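[1] Here is my input, please return the structure:
(2 chains)
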Protein chains: 2
Amino acid sequence: MSVTAPQGFTAAGIAAGIKSSGQPDLALVVNQGPRLAAAGVFTSNRVKAAPVLWSEQVLKGGQVSAVVLNSGGANACTGPRGFQDTHATAERAAEALGHNAGEIAVASTGLIGELLPMDKLLPGVDTAVAALSEHGGEKAALAIKTTDTVHKTAVAQRDGWSVGGMAKGAGMLAPGLATMLVVLTTDADLDSSALDRALRAATRVTFDRVDSDGCMSTNDTVLLLASGASGTTPAEDEFTAAVREVCADLARQLIGDAEGASKDIRIEVVNAASEDEAVTVGRVIARNNLFKCAVHGEDPNWGRVLSAIGTTDAAFEPDRLNVAINGVWVCKNGSVGEDRTLVDMRYREVVITADLAAGDASAEIWTNDLTADYVHENSAYSS
Amino acid sequence: MSVTAPQGFTAAGIAAGIKSSGQPDLALVVNQGPRLAAAGVFTSNRVKAAPVLWSEQVLKGGQVSAVVLNSGGANACTGPRGFQDTHATAERAAEALGHNAGEIAVASTGLIGELLPMDKLLPGVDTAVAALSEHGGEKAALAIKTTDTVHKTAVAQRDGWSVGGMAKGAGMLAPGLATMLVVLTTDADLDSSALDRALRAATRVTFDRVDSDGCMSTNDTVLLLASGASGTTPAEDEFTAAVREVCADLARQLIGDAEGASKDIRIEVVNAASEDEAVTVGRVIARNNLFKCAVHGEDPNWGRVLSAIGTTDAAFEPDRLNVAINGVWVCKNGSVGEDRTLVDMRYREVVITADLAAGDASAEIWTNDLTADYVHENSAYSS
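    Numbering: from 1, shown residues only, chains lettered A, B, ... in the order given. All right, here's what the predicted structure looks like:
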């Protein structure tokens, strides 16, 4: 059901020929109204792809009538010509839909530094418009895949309204988001500022807490579109909870499909002096290659967790740190704790608990192990 | 010649039985005077091994008569008992040498979180004292190896005086140093404050600019000992240059022997607004796993360099960035530059030049590629 689960949306996913494989590579999501309210968050990378620069401008108006997404090319580091191509994409969709180009967002993913094949992309936009359907959500989710092995969708159903979403992402998941394209839709009747608050609150504790390989994309885009078609205006906290539920579901799917990963690692940092410090510590553990290799080898090597924590300036005393791996406190008071042979790491999900003994704040970061398959996927081909 | 190249030093390297393999695992370097001046720099990790905590105290006195180094165990995260073991090691060496324990530095490397086998280490200290020789430098360098495939030594010979050194390190090379143990010796006649200035100036642009895998050790130690035996007091800039020469030589050897690496990558950041910003940008490129995989695959993927630079707050404009790979400017003004097929990446050394077009400062960072062998070495065994 994906982005077409809420009322008031149509979508399509088609093969425009951008990918040489002939796989689907162009998605379109259209808000049929009556409202066109929208909010967005984008990569914090200072090197931003052309579609990000374009869509940031579009979102300033608080209205989005449609989103064109393509895989097969990031349109990043492509200079003024790349920006013109994004603009032309929005214009073509506007023409075919009878919309205003200034309300059409664009998102791209794929190789950096190459121009998009506009001779294929623009006719593809027409094809996608012709294929729009109230049941097109799954096809749209399929068309934004790159190295994703599965497409990702989620829905939160509430009384009279719902939130739906689709996501792609596999390789560059990182803070400030990742090569992650996400479109969320809702038929709740809310204005763009309410959407913005809900979206920021939800992404802060979901996509922003996913750090697969520490690399930040030039293209990350998360959009939330509201059609108002349900005629219902939910309470803000209730709506935020539904958006967060969909984002958390999609974020978990992204981690589960990260390039080459064999383990999904949940890092819980507890008893930190502040939530920010808990996030900092979680992230530094998530990015430690030696730790990630140890998890891959099912080695409960807590020394690598401690040496990662030690590189931060978070509040802690080295001789009060405790670390549990899958519930076994292998490190107590900065030194040897329970018997490490008690740790069972055979399953895909691994939980690391780092107790800083410095306060009562906590945070959770999701990451993956580092594997030879990751190296292979990212060295054998340009991506 | 290693640490015994300068006059006034003896050294030994023996197998004490700390390593189950029976390989050499205990080294001793003794300053025979007449001076006992010394300086040291240590890991900036807040989780410090017992020998680091001990040696930091010793160095405060500015005098070091001997250094005991062991491989086969880091003595890190070992609590009060670990610190007692380091103390006992210094005491045993003091007794056998007739020195003061407060002037004996200790350094350890190996697995974190396990106590050292003191029943083997302490008799080993006696054996090492008995084996001390003016020609013992090579044996000492061999005894500090862990996953190093070769031992590392260097000498800078000057008129009437010299600087010698040995190093170990392979896996965790990183800023603020690494699981890197380095002992430098000189027969120049200098006091500890002159040594300290020279050592800090040299390590700042050598060991501190090596970032193999972004992971910082709990045990990094670099010591510089002066015997004064040459009776010569060189000019400070001349001495600093000699120390820097030895450090640069050893740092290059460390990168060349990094775990699992198939490429040595020199990252030159030029036209930065400040040297600090050049270092920051160099480091963020050096730590980008996608970039490191691309180099492994001999893929001149400059988009990954740009997306790494974009995560910093250094001064630059995205559309003025230029990137060369092995001299070919594949990215000009933030977009496609020269033909990437012109880049030849077959050789072990790869040079990345990142031009920030924001000033006239520059810096060089050395790193390695990320390989399946790295993953294997760090997942198949605890280390």
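
[2] Stretch A:103-122: end-to-end distance?
    18 Å (Cα to Cα, to the nearest Å).

[3] Please state the offset of it from the chain centre?
    Computed by Cα atoms, centre = their mean, to the nearest Å, the chain-centroid distance of stretch A:103-122 equals 19 Å.

[4] So for that stretch, mean pLDDT?
    Stretch A:103-122 shows a mean pLDDT of 95 in the predicted model.

[5] So that stretch, near chain B or not?
    Yes. Applying Cβ under 8 Å from any Cβ of the partner chain, one finds stretch A:103-122 touching chain B at A:111, A:112, A:113, A:114, A:115. All C-beta spots, glycine's among them, are computed from the backbone N, C-alpha and C.

[6] Quick check: buried residues in that stretch?
    Of all the residues in stretch A:103-122, those buried under the rule 16 or more other Cβ atoms under 10 Å in any protein chain shown are A:103-118, A:120-122.

[7] Now, these that are in strands?
    If you go by DSSP state E, these have A:104, A:105, A:106, A:107, A:108 in strands.

[8] so what's residue A:262 up against?
    Residues near residue A:262 by Cβ atoms under 8 Å, 6 or more residues apart in numbering or on different chains: A:296, A:348, A:369, A:371, A:373.

[9] Which one (most neighbours) among those?
    residue A:296 (27 neighbours; other Cβ atoms under 10 Å in any protein chain shown).

[10] Contact partners for the nearest residue to it once chain neighbours are set aside?
    By the measure of Cβ to Cβ, 6 or more residues apart in numbering or on different chains, the closest residue to residue A:296 outside its immediate chain neighbours is residue A:369, 3.9 Å from it. With contacts defined as Cβ under 8 Å, 6+ apart, residue A:369 is in contact with A:261, A:262, A:263, A:265, A:292, A:293, A:295, A:296, A:350.

[11] Now the buried members of those.
    A:261, A:262, A:263, A:265, A:292, A:293, A:295, A:296, A:350.

[12] and the gap between the first one and chain B?
    Going back to what we said before, that points to residue A:261. 12 Å (Cβ to the nearest Cβ, to the nearest Å).

[13] So for that residue, what's the pLDDT?
    Residue A:261 is given a pLDDT of 88.

[14] ditto for the fifth one
    pLDDT for residue A:292: 92.

[15] Can you tell me the element it falls in?
    helix A:289-296 (DSSP states H and E).

[16] Mind giving me the packing neighbours of that helix?
    Counting contacts by 3 or more Cβ pairs under 8 Å, 6 or more residues apart in numbering or on different chains; DSSP states H and E, helix A:289-296 is packed against helix A:302-309, helix B:372-379.

[17] what angle sits between the last one and helix A:289-296?
    Right, helix B:372-379. Orientation check (axes from the mean of the first three to the mean of the last three Cα atoms, to 10 degrees): helix B:372-379 against helix A:289-296 gives 70 degrees.

[18] Could you do the first one as well?
    Here helix A:302-309 points in a direction 150 degrees away from that of helix A:289-296 (the same axes, to 10 degrees).

[19] what residues does helix A:302-309 touch?
    For helix A:302-309, contacts defined as Cβ under 8 Å, 6+ apart pick out A:281, A:284-285, A:287-288, A:290-291, A:294, A:316, A:318, A:321, A:323, A:325, A:330-331, A:334, A:337, A:340, A:352, A:354, A:356, B:45-47, B:74, B:76-77, B:111-113, B:172, B:215-218.

[20] Strands of the stretch 1-150 of chain A, start to end?
    For the stretch 1-150 of chain A, the strands defined by DSSP state E, counting those that start in this stretch cover A:9-14, A:26-31, A:37-42, A:66-70, A:104-108.

[21] In chain A, where is pLDDT below threshold?
    Applying pLDDT under 70 to chain A picks out residues A:170-179, A:381-383.

[22] can I see the domain layout of it?
    As given by automatic domain parsing, the domain ranges for chain A are A:2-256, A:264-379.

[23] ok, and which of the ones you listed has the densest surroundings?
    domain A:2-256 (a mean of 22; mean count of other Cβ atoms under 10 Å in any protein chain shown).

[24] residue contacts, the closest residue to residue A:15 other than its chain neighbours?
    The shortest distance from residue A:15 to any non-neighbouring residue, by Cβ to Cβ, 6+ apart, is to residue A:24 (4.9 Å). Counting by Cβ under 8 Å, 6+ apart, residue A:24 touches A:13, A:14, A:15, A:71, A:139, A:142, A:143, A:145.

[25] Could you single out the nearest of these to chain B?
    Nearest to chain B among the contacts of residue A:24: residue A:71, at 15.7 Å, using Cβ to the nearest Cβ.

[26] close enough to count as contact, that closest one and residue A:148?
    No. Counting by Cβ atoms under 8 Å, residue A:71 stays clear of residue A:148, with 9.0 Å between them.
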